[in-house]
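K.L.:
take this sequence and fold it.
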Amino acid sequence: MAPSGTFRPHRVVVLALDGLLPFELGIPQRIFGKARDSAGTSLYEVVTCSARPPGPVTTDADFEVLVAHGPEALATADTVVIPASYELGPVEQEGVLTPELAAALTHLRPGTRLVSICTGGYVLGAAGLLDGRPATTHWMHAEHFQRLFPKIRVDADVLFIDDGDVLTSAGVAAGIDLCLHIVRRDH
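P.N.:
Numbers count the residues shown, from 1 in each chain. Here you go, the predicted structure:
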């Protein structure tokens, strides 16, 4: 409930990173953005942001997406979703955040639910947010993910892992299963 006693939808902020897969970017909007209660009231508000000021974000397709919000939107999130990207650079290669991404993640409020889809888990791993936790990622990346982040208990044989306030999914389509699970869990 909002302070005035009126209902406030759960705010989902999707962090769009360069090289993102458009299909994965669309999953949170499609699942959370269409969720309604029996009276037809939206249960979630979905906002997309970038790790830098608003503007174009590259995709793995032949087009860019124009993102209207910068990293400050992360401070307004109840849930942050990080879809996969094919351009994670040092995040995926060395397990370290870029300065831009590290600065963006400083906007996260304590208690914000974190969700990764597919290789979006590399961002959570590089930030240390999966240390000591169970997590999954796309099966093709699971062995590399485990080597890069030895403090994570990687399970490559599941569609998703719900560890309370941090949830990770395996491949792209498993992101759909994870988002549906979250809606079921929430409502």
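K.L.:
can you give me the helices for this protein?
P.N.:
In the chain, the segments counted as helices under DSSP state H are 22-34, 90-93, 99-105, 121-126, 142-148, 172-186.
K.L.:
figure out which of the ones you listed is closest to Val14.
P.N.:
Val14 lies closest to helix 22-34 among those, at 4.9 Å (CB to CB). All C-beta spots, glycine's among them, are computed from the backbone N, C-alpha and C.
K.L.:
buried ones in that closest one?
P.N.:
Judged by neighbour count (16 or more other CB atoms under 10 Å), helix 22-34 contains these buried residues: 23-25, 27-29, 31-32.
K.L.:
now do stretch 107-118
P.N.:
107-108, 112-118.
K.L.:
quick one: mean pLDDT over it.
P.N.:
Per-residue pLDDT values over stretch 107-118 give a mean of 98.
K.L.:
which one of the buried residues of stretch 107-118 is nearest Pro54?
P.N.:
Nearest to Pro54 among those: His107, at 14.3 Å, using CB to CB.
K.L.:
from what I see, the closest one and His69 are in contact.
P.N.:
No - look at His107 against His69 with CB atoms under 8 Å: they stay out of range, at 11.0 Å.
K.L.:
show me where pLDDT drops low in this structure?
P.N.:
Judged by pLDDT under 70, the chain has its weakly predicted residues at 1-5.
K.L.:
again, 80 this time
P.N.:
Regions of the chain meeting the criterion pLDDT under 80 cover residues 1-6.
K.L.:
strands of that one, start to end?
P.N.:
Secondary structure of the chain, counting by DSSP state E: strands at 10-16, 44-50, 55-58, 64-67, 79-82, 113-116, 134-135, 153-154, 160-162, 166-169.
K.L.:
quick one: contacts of the last one?
P.N.:
If you take CB atoms under 8 Å, 6 or more residues apart in numbering as the criterion, strand 166-169 is touched by 113-118, 121, 124, 129-130, 133, 135-137, 159-161, 175, 177-178, 181-182.
K.L.:
swap in the fifth one?
P.N.:
Applying CB under 8 Å, 6+ apart, the set of residues contacting strand 79-82 from outside is 10-15, 17, 28, 74, 108, 112-117, 120-121, 123-124, 179, 182.
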